[in-house]
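Trainee: sequence and predicted structure are below.
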Amino acid sequence: MHKVDIKNFTIEGLEAFLAGQGKERYRARQIFKWLYQKDAATFAEMSNLSKEFRRELEESTFVSRLKPEVVEVATDGTRKYLFRLEDGNSIESVLIPDEDRNTLCISSQVGCAMACEFCLTGTFRLTRNLSCAEIVNQVCAVKQDAEVRNIVFMGMGEPLANLDNVIRALKILTCPDGLQFSTRRVTVSTAGLIPEMALLGKSVTVNLAVSLNATTDELRDRLMPINRKYPLRELMAACKNFPLPARRMITFEYVMLGGVNDTLDDAKRLVRLISNVPAKVNLIPFNEHEGCSFRKPDQETIDRFHRFLLDKHITVITRASRGADISAACGQLKGRLEKRGQDGG
Ligand code: SAH
């Protein structure tokens, strides 16, 4: 019999699965607690389940886990975890410490199909989607190493291009019997897949971040090919319609590229674009990586842009680059994608 990975089930899914085997619903909650609160690796550990039940579970399911193959620590304390997947592919997650509020940045795909011009992950194209289990297992593994307060889907991949698995993972992350994250502490970031944004909003409560990066279709078409399919006007309408809980805002990420999108005219257009949406802006000075000709604007230009938004009463932060010395910053994640076949690793 083909065994299923028990970490691919939401609690409702597991309840239905167990019901099919004639078991009580509350068993799903017990199993979830073992998996996500006690990090159980085997059914044998689940001591409040009968031996017979554990044997039955073992016949139909298995417990997957991820163990970091490499953990790199940057001078600023940022930690980058490299995980090797069952099929030999690899992904990265990044833990960004901030006093006691650690943020974990997780991956949703091996590679990425979005092909944004400035992003290193995008240059490797898409290998495959991560399963729900592979997404939540990044969190389970890092939790063994450090406290995790916030989760952001800003690692490798476009989460909304892997919507079903991402929604299931979000349900497990925020499940009271699962990983118990508050919905306020989980953020999904997208390059702007409009139909999927609506589906996400319908299925779960989470924070949404949108990678805007340009204020005209002409420039955004060039930087982010997805814009040719979903142009700015439609994207902003989708943001406006996104079902935000009271007092929450959409985060607009804006990678600052020297001489490309960093003028006061850009800032003015940005203010106008987001004027109809409860919005805050994250400015991300471009992180340079090999083989990319973009550069980071000088500090004065960044400050000027930042101040302009502030003067227009927009909540704005300029994101300090974290972990750049271990290639853990935004747009620098690649797993071991390019090395396959060369060094066997
Ligand atoms: N695909 C999703 C999730 C990735 S988030 C998305 O596009 O939102 C990664 C963030 O880092 C995005 O906002 C992206 O615009 C930004 N980014 C990519 N490459 C970068 C680089 N080299 N320097 C700074 N930010 C970068």
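Mentor: In hand now; what should we look at? Numbering: from 1, shown residues only.
Trainee: from here on, contacts and neighbour counts on C-alpha atoms
Mentor: Noted.
Trainee: so the residue with the largest distance to the centre of the chain, which of the three states?
Mentor: Within the chain, residue 52 marks the point farthest from the mean C-alpha position, 38.5 Å out by Cα atoms, centre = their mean. State at residue 52, reduced to three classes by DSSP: H, G, I helix; E, B strand; the rest coil: helix.
Trainee: distance of it from the ligand?
Mentor: To the ligand, residue 52 is 44 Å away according to Cα to the nearest ligand atom, to the nearest Å.
Trainee: check contacts around that residue.
Mentor: Contacts for residue 52 (Cα atoms under 8 Å, 6 or more residues apart in numbering) come out as none.
Trainee: check what pLDDT it gets.
Mentor: As predicted, residue 52 sits at a pLDDT of 96.
Trainee: what does residue 336 give?
Mentor: 70.
Trainee: residues near it, how many?
Mentor: 15 (other Cα atoms under 10 Å).
Trainee: what's the burial count for the residue nearest to it when sequence neighbours are not counted?
Mentor: Distance criterion Cα to Cα, 6 or more residues apart in numbering; nearest residue to residue 336, sequence neighbours excluded, is residue 90 at 6.1 Å. Neighbour count for residue 90, taken as other Cα under 10 Å: 20.
Trainee: go ahead and confirm residue 90 touches residue 335.
Mentor: Yes - between residue 90 and residue 335 there is a contact at 5.3 Å, judged by Cα atoms under 8 Å.
Trainee: shared neighbours, the two?
Mentor: Joint contacts of residue 90 and residue 335 (Cα under 8 Å, 6+ apart) are residue 82.
Trainee: hang on, the earlier thing: now do the contacts for the residue nearest to residue 336.
Mentor: 82-84, 110, 335-337.
Trainee: that one bridge partners, please.
Mentor: Residues in a beta bridge with residue 90, per DSSP bridges, are residue 84.
Trainee: what secondary structure does the residue of the chain found nearest the ligand sit in?
Mentor: Among the residues of the chain, residue 331 lies nearest to the ligand; the distance is 3.1 Å by Cα to the nearest ligand atom. Of the three states, residue 331 takes coil under three-state DSSP.
Trainee: what about residue 306, how many residues close to it?
Mentor: Neighbours of residue 306 (other Cα under 10 Å): 21.
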